[in-house]
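J.: Let me see the structure of the following:
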Amino acid sequence: MNASLNLPRRWIALRQLLFGTLSAITLVVIGREMFVMMQTNGVNALKVTVFILFLVLLVPIVLFFWTGVIGFAVRWLGGDSLELGDAPARPPAPDNAWPYTAVIVPVYNEDPVRVFAGLKATYESLEQTGYLPFFEFFILSDTTDPDTWVREEMAFVAWRQTVSDPTRVFYRNRRENLERKTGNIAQFCESWGDRYQYMIVFDADSVMTGPCMVNLVRLMERHPKAGIVQAPPLPVNRHTFFGRMRQFATHAYSSIFLTGLNFWQGGAANYWGHNAIIRIAPFVEHCRLPKLPGREPLGGSILSHDFVEAAFMRRAGWKVYLASELSGSYEEVPPSLISYAARDRRWCQGNLQHARLLMLPGLHPVNRLHMCLGIMAYASAPLWLLTLALSTIEGIRETLGPHPYFPPGRTLYPIWKISVEQQAILLFLAVMGLLFVPKLLSLAVHLRRGEDRAAFGGGGKFALSVLLESAMSTLLAPVLAFLQTHFVVGILLGKNIKWEAQDRGEAETTFGEAARRHWASTLLGVIWTALLLATTPKLFWWFSPVLAGFLLAIPISMYSSRVSLGEKARMAGLFLTPEEVDPPPILSTLQREMELGDSQPWATSADGLERVLNDPGIRASHLSMLGDDAPKDDLRRHYLEGLGLKYHHGGSKALTVREKRELLLDADSIRSLVAEAADVVA
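T.: Numbering: from 1, shown residues only. Coordinates of the predicted model:
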């Protein structure tokens, strides 16, 4: 971000006008061609419905197309004054005027090995910049599983003993998981926020270089009206075929889209919930989320909080920027189609909730557009499948039904049936161009620079990877659309999501699991294929990419989750990313710490309650991190005494997960159980 970032409002408006005009012209041209084709052999209600659905689905496609094209043009011409850019890689020595920043890491039943490996790598990189005295780290645990909770505490104690300044790292576990992640961060801001000017928000799998973190603070300091600056995280460290393909796609295509977004969104960018820096004071004042009226899933707490917080920050007059050129920010993507869909399920519910916020007064138009696109990211799935279904019905009707050569009314000549195959081919190619031209433009941008070609394994392998990724994405699209349709319908029918930790490992999908998740889409593909072949074979070829995705859903889901297949792709030079070809030091440190972490005593799964009761060192650490006991009334006291008796007679196995946690939350209960055990031994 430089001084020219603060462009006059009229220049931002002109950019948005250009973007909107290009998008509108494209919609009109393609929509007109669709309308002409639709009315060629007569108009009916079915055709009108398909036409309306087609236009609705076309809108986000056109917007993303022009975002990519504009981003390509800007990058090809040398950059954009609106881009935030990198601060110097080696910042000057710190001074006492520098602001204090909290690095907060909300976790919920995550693997402590991965969480603390990322923290160690980040801390080490930050320490090398010389700016460590101005940062402090907070692990904000909402973990409810008692075994994982105790492992977190053990991992934290082990980490604190190795860092150069233990006073800069903190850990706490919330007694109640109120409002999920938003409540976790809100409690931090209420308790600790006044000590810091900024906070950098991590996810459990976030890793960020020291220079990136320092640069984020520098950007906020340079621009006092910046409320949030988002550092786009690049996915790394995936080894399955699916994971490698998804992380390659982000590395290959994201640059032009991020540049295009910055071209037209200006200071009304989105916040993605992590890998971003936030100015704490306005965040606390303006970004408290409302509770939506009604019951979940569409009421209650807002799951996708980040879009809303960005919109509220902008509504209050603070800018939200996307640091599209800032490097050193990383995350991980789901390793398989099924885990990807599980994450999508939560995002789907959160994004659909945004429909209830669209008409809130004072929101910036760009933020409203972001919310609309977020809603369409999931609503488009059932609309697309409905469009295909109605098109199938209309195709069968036109093939098997009689053509009205002499419609009602007086006419001297018959209305002959006219072939629209040529128009359909042109329309199909136009839509495919909107989808795939940005990928080709991304390829051109990277192939232009020799270092980019080498970073992706060479020009030929890079081009082949783009081709294979496009083919795989085409096959995966129907399966994902089917799963997302299931999510949307379930949410609209009132089915709420159970909030669980994400799958951040490399678990491979078994045949049984794939069959359970994809049998319905496979059956749909079989029935649809049989119907078209029996009635309109010509239409079958038009639908063949979609049908192939349905028919191959089970093997694609199963084999794309294989690490062995991902390794073969890597050995063949496919789906390579710059971080694989030349790993930055922080990712090498992350890998080293994960390998070391797996061998630590706290890494092994064990009963957390038994660990606390039987190991004096673990117990002392646990009690020191509990804080003050919550006041107990008689009912609460009797309840805990009952749990103690239950443990005394049946051991830890007699207790439920929740009951173990209740005992671990109460220092008096722990001391009482330890004393009873000592009396028995004596």
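J.: which stretches of the stretch 101-250 of the chain form strands?
T.: Remark: strands assigned in the stretch 101-250 of the chain by DSSP state E, counting those that start in this stretch are 101-107, 135-141, 169-173, 198-201, 207-208, 226-230, 234-235.
J.: Of all those strands, which one is nearest Ala424?
T.: Within the strands of the stretch 101-250 of the chain, the stretch nearest Ala424 is strand 234-235; the backing value is 37.3 Å (Cβ to Cβ). In short, each C-beta sits where N, CA and C put it, glycine included.
J.: packing partners for the closest one?
T.: helix 241-265, strand 329-331 (3 or more Cβ pairs under 8 Å, 6 or more residues apart in numbering; DSSP states H and E).
J.: Could you rerun that using 6 Å?
T.: For strand 234-235, there is no helix or strand it packs on, judged by 3 or more Cβ pairs under 6 Å, 6 or more residues apart in numbering; DSSP states H and E.
J.: Just give me the neighbour total for Gln128.
T.: 14 (other Cβ atoms under 10 Å).
J.: where's it relative to Met594, distance?
T.: Separation of Gln128 from Met594 (Cβ to Cβ, to the nearest Å) stands at 20 Å.
J.: wait, Phe487 sits on Arg346?
T.: No - at 9.3 Å, Phe487 does not count as touching Arg346 under the criterion of Cβ atoms under 6 Å.
J.: Could you report the pLDDT at the closest residue to Pro545 other than its chain neighbours?
T.: Distance criterion Cβ to Cβ, 6 or more residues apart in numbering; nearest residue to Pro545, sequence neighbours excluded, is Thr474 at 5.4 Å. The per-residue pLDDT reported for Thr474 equals 95.
J.: how about the helix or strand hosting Thr474: buried residues?
T.: In this structure, Thr474 sits in helix 459-492 according to DSSP states H and E. By 16 or more other Cβ atoms under 10 Å, the buried positions in helix 459-492 come out as 461-466, 469, 472-488, 490-491.
J.: pLDDT weak spots in the stretch 101-250 of the chain?
T.: For the stretch 101-250 of the chain, no stretch has pLDDT under 70.
J.: and what of the chain?
T.: Using pLDDT under 70, the chain drops low at 1-7, 41, 81-96, 401-420, 499-504, 679-682.
J.: show me the biggest helix of it in terms of residues.
T.: Ranked by residue count, the top helix of the chain under DSSP state H comes out as helix 365-400.
J.: list the buried ones in that helix?
T.: Those would be 366-376, 378-385, 387-388, 391-392, 394-396, 398, for helix 365-400 by 16+ other Cβ under 10 Å.
J.: Please report how far Lys495 lies from Tyr340.
T.: For Lys495 relative to Tyr340 (Cβ to Cβ), the value is 20 Å.
J.: of the two, who's got more company?
T.: A direct count of neighbours by other Cβ under 10 Å for Lys495 and Tyr340 places Tyr340 higher, at 20 against 13.
J.: The more buried one is in what secondary structure piece?
T.: Going by DSSP H and E, Tyr340 is in helix 337-353.
J.: How about Val526?
T.: helix 511-535.
J.: Tell me which residues of stretch 330-348 come out buried.
T.: 330-342, 344-348.
J.: An error on my part: the question was meant for stretch 100-120.
T.: Buried-residue list, stretch 100-120, by 16+ other Cβ under 10 Å: 101-120.
J.: how distant is it from the center of its chain?
T.: With Cα atoms, centre = their mean, to the nearest Å as the basis, stretch 100-120 stands 17 Å off its chain's centre.
J.: contact partners of that stretch?
T.: 134-143, 145, 148, 151-152, 155, 159, 181, 184, 188, 196, 198-202, 204, 207, 217, 501, 504, 590, 593-594, 597-598, 603 (Cβ atoms under 6 Å, 6 or more residues apart in numbering).
J.: Look at it and report the distance between its end residues.
T.: 20 Å (Cα to Cα, to the nearest Å).
J.: The helix holding Tyr340 versus helix 241-265: what angle between them?
T.: For helix 337-353 against helix 241-265, the angle by axes from the mean of the first three to the mean of the last three Cα atoms, to 10 degrees is 30 degrees.
J.: what packs against helix 337-353?
T.: helix 365-400, helix 459-492.
J.: For Leu77, which of those is the nearest?
T.: Closest among these, once you apply Cβ to Cβ, is helix 459-492, at 21.9 Å.
J.: Taking helix 241-265 as reference, get the angle to that closest one.
T.: Using the same axes, to 10 degrees: helix 459-492 against helix 241-265 is 80 degrees.
J.: which other helices and strands contact helix 459-492?
T.: helix 241-265, helix 337-353, helix 365-400, helix 421-448, helix 537-551.
J.: what pairs with the helix or strand just after the first one, and is each one parallel or antiparallel?
T.: Right, the one you point to is helix 241-265. As assigned by DSSP H and E, the chain's next helix or strand after helix 241-265 is strand 276-279. Neighbouring strands of strand 276-279 in its sheet, by DSSP bridges, are strand 198-201 (antiparallel), strand 226-230 (antiparallel).
J.: which residues are contacting strand 276-279?
T.: For strand 276-279, contacts defined as Cβ under 6 Å, 6+ apart pick out Tyr198, Met199, Ile200, Val201, Leu216, Met220, Gly227, Ile228, Val229, Gln230.
J.: Go through the residues you listed and name the one nearest Phe35.
T.: Gln230 (39.6 Å).
J.: How is the closest residue to Glu221 other than its chain neighbours classified with respect to secondary structure?
T.: Sequence neighbours aside, Pro99 is the residue nearest to Glu221 in space, at 6.9 Å (criterion: Cβ to Cβ, 6+ apart). Counting by DSSP: H, G, I helix; E, B strand; the rest coil, the backbone at Pro99 sits in coil.
J.: Looks like Pro99 contacts Gln197 (just checking).
T.: Yes - between Pro99 and Gln197 there is a contact under Cβ under 6 Å: 4.0 Å.
J.: For those two, indicate the residue with more neighbours.
T.: Gln197 (18 against 12).
J.: How about the contacts made by that one?
T.: Here Gln197 is in contact with Pro99 (Cβ under 6 Å, 6+ apart).
J.: Look up how far Val284 lies from it.
T.: From Gln197 to Val284 the distance is 12 Å (Cβ to Cβ).
J.: again with Met558
T.: 47 Å.
J.: Looking at those two, which one has more neighbours?
T.: Of the pair Met558 and Val284, Met558 is the one with more neighbours under other Cβ under 10 Å, namely 21 against 16.
J.: How about that one: what's its closest non-neighbour residue?
T.: Ala514 is the one closest to Met558 (Cβ to Cβ, 6+ apart), at 4.3 Å.
J.: is it possible to export the helices and strands packed on helix 459-492 to CSV including distance to Leu626?
T.: Formatted as CSV, the helices and strands packed on helix 459-492 follow (distance: least, Cβ to Cβ, whole Å):
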stretch, distance to Leu626
helix 241-265, 38
helix 337-353, 30
helix 365-400, 39
helix 421-448, 51
helix 537-551, 52
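J.: Leu55: which of the ones you listed is closest?
T.: helix 365-400 (10.5 Å).
J.: What is the distance between that closest one and the centre of its chain?
T.: 22 Å.
J.: Tell me what angle that helix forms with helix 459-492.
T.: 90 degrees.
J.: what about the residue nearest to Phe575 when sequence neighbours are not counted, neighbour count?
T.: Once flanking residues are discounted, Phe575 sits nearest to Phe248: 4.0 Å by Cβ to Cβ, 6+ apart. The burial count assigned to Phe248 is 25, neighbours taken as other Cβ under 10 Å.
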